[in-house]
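1. I need the structure of the sequence given here:
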Amino acid sequence: MTSDLALMPAHQLVKLFKAREASPVEAVKAALARVEAFNPQLNAFQHLDPDGALKAARASEKRWKKGGKRLSDIDGVPITIKDMVLTKGMPTRMGSLATDENGPWTVDAPVAQRLREAGTVLLGKTTSPEYGWKGVTDSRLFGATHNPWKIGRTSGGSSGGGVAAEAVGMGNLAIGTDGAGSVRIPCSFTGLFGLKPTQARVPLYPPSAQGTLSHIGPMTRTVRDAAMMMNVIARPDPRDIYGRPDDAEDYLKGFDKGVKGLRIAYSPTLGFVEKEKIDRDVAVAVDAAARIFKTLGAKVVEDSPDFMGMDPRRILNAHWQSNVAILFKGFSAEKQALMDPGLVKAAEVGANLGQDAVVTAIHQRQQVGVIMNAFMAKYDLLLTPTMPMTAFAVNENAAWGGDGVDIGWTPFTLTFNLTRQPAATIPCGLDREGLPIGLQLVAGHARDALVLRAAAAYERVRPIPTPPLAHQV
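-> The predicted structure is shown next:
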């Protein structure tokens, strides 16, 4: 039973709590046992708080025993939070030697605050690269995080620690952040579900160095778990100036309605990604997934937005690199010398872009957003690959031997950071090496619940698999 609790979806775990067939304390002990077993191989945590987790679990256990006194539908569920999210009482190092190890750690970001108020049990903080500057997870401070599907491969990034932990039961839920795909890249590489909500649906504070490119969202082993998390974390907070103050959507409403009658566009290249850059196994798996939506009753047509010659990769790079330049400039020369050489190079590129390039990118981002709004007015959903490839070796800064300064190796995800739309990834198969492949589902602004509903319909016929490593206890 103990091992089962660690791999159990949150929505099933809380049913056991309610029936008094399991307790939050047992669930936390199960998760901590898996941390002991798997973290030495995966390196998913930058900080663990077993004593604090057990204390919180005991408090939750008392609430469940009282009946009707629970704080939320995920009260007592073990959870992890990415290093880049401020968490009171725990270090937020941003994966960087340039940060002060002594804190102070006195503030909860909105998502951490909501999760505490909901009674979830925080196990600890998970690894990320320095200031989330790249789509893989390694840093001078914490080392490299491995993929639970194959040791020696990257878990993706920059939320790579959270997915590595979640996939093998070191926590039943996880929080990640996403500035160019940093929730969806690692979820695609490790076979999990991940949602990048509409920008500011989940409040973000302090403001990210990447501005409105940045999002924060759930990474889970089932779609329902993500919807339950959204009902907790997607609530207004005055510290995020872009949020809607009256947002009280129930993400489980209509969750089981399926996709019958929905108008869905399937775009294997999103209109600009070169076919030769998309792995054959990825293309085949995503095409098969699109056909499944037809069998579920959706009206699926192959169609792509016309970006009028603009390349979202170039637009994102200009934003990303110039933002990194400003971030880097804020550190002393002594601190700069401690930072990842790749981040330093990205800052140098950004500092030399020039005003014309940056302002042009800002204007083109707006144009791309308008184009996508018009495209989504014709469709309920858009399907694409999540990543053009599967997980590559650890300690590589990017796919195809890239240095990470050019983020263009993740074209399908970064496009929707530019447009601020909700976008999710769900596993849709394995490649020839047995590594997960992701399908991306995108909807119009504030239609996050529809993305969850469609992903759930797909999950019912193609359940999310568990990596073989997770059963080696």
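2. for A248, what is the enclosing helix or strand?
-> Of the helices and strands defined by DSSP states H and E, none includes A248.
3. check contacts around it.
-> Residues near A248 by Cβ atoms under 8 Å, 6 or more residues apart in numbering: R235. (C-beta placed from N, C-alpha, C; glycine too.)
4. residues near T92, how many?
-> If you count neighbours by other Cβ atoms under 10 Å, T92 ends up with 22.
5. distance-wise, check it relative to T415.
-> 29 Å (Cβ to Cβ, to the nearest Å).
6. same deal with N352?
-> Taking Cβ to Cβ, one finds N352 at 25 Å from T415.
7. which one's more surrounded, those two?
-> The residue with more neighbours, out of N352 and T415, is T415; 29 against 11, by other Cβ under 10 Å.
8. the more buried one belongs to a helix, doesn't it?
-> Yes. According to DSSP: H, G, I helix; E, B strand; the rest coil, T415 belongs to a helix.
9. isn't it right up against G271?
-> No. T415 is beyond contact range of G271, at 9.7 Å (criterion: Cβ atoms under 8 Å).
10. at which residues are the helices of the stretch 251-400 of the chain located?
-> In the stretch 251-400 of the chain, the segments counted as helices under DSSP state H, counting those that start in this stretch are 280-295, 312-329, 333-336, 341-351, 355-376.
11. just the buried residues of the last one, please?
-> This points to helix 355-376. A357, V358, T360, A361, Q364, R365, V368, I371, M372, F375, M376 (16 or more other Cβ atoms under 10 Å).
12. show me what that helix is packed up against.
-> helix 312-329, helix 411-419 (3 or more Cβ pairs under 8 Å, 6 or more residues apart in numbering; DSSP states H and E).
13. what angle sits between that helix and helix 341-351?
-> 100 degrees (axes from the mean of the first three to the mean of the last three Cα atoms, to 10 degrees).
14. state the mean pLDDT of helix 355-376.
-> Averaged across helix 355-376, the pLDDT comes to 98.
15. same check, this time on the first one
-> Taken as a whole, helix 280-295 has a mean pLDDT of 98.
16. other SSEs contacting it?
-> For helix 280-295, the packing partners by 3+ Cβ pairs under 8 Å, 6+ apart are strand 263-266, strand 299-302, strand 381-385, strand 423-430, strand 436-442, helix 448-461.
17. does R58 belong to a helix or a strand, and which?
-> helix 50-66.
18. can you name the element that comes right after that helix?
-> Next element after helix 50-66 (DSSP H and E): strand 78-82.
19. what are the buried residues along stretch 294-312?
-> Result for stretch 294-312 [16+ other Cβ under 10 Å]: buried residues L296, A298, V300, S304, P305, F307, M310, D311, P312.
20. tell me which residues touch the fourth one, please.
-> Taking Cβ under 8 Å, 6+ apart, we find S304 in contact with A265, S267, T269, L270, G271.
21. how about these, which pair is most distant?
-> A265 and T269 (12.2 Å; Cβ to Cβ).
22. is it true that R201 touches Y242?
-> No. The pair R201 and Y242 does not pass the contact test of Cβ under 8 Å, sitting 9.5 Å apart.
23. where does the stretch 201-350 of the chain have low pLDDT?
-> When the per-residue scores of the stretch 201-350 of the chain are filtered using pLDDT under 70, no range remains.
24. rerun that using 90 as the cut-off
-> For the stretch 201-350 of the chain, applying pLDDT under 90 flags the ranges 244.
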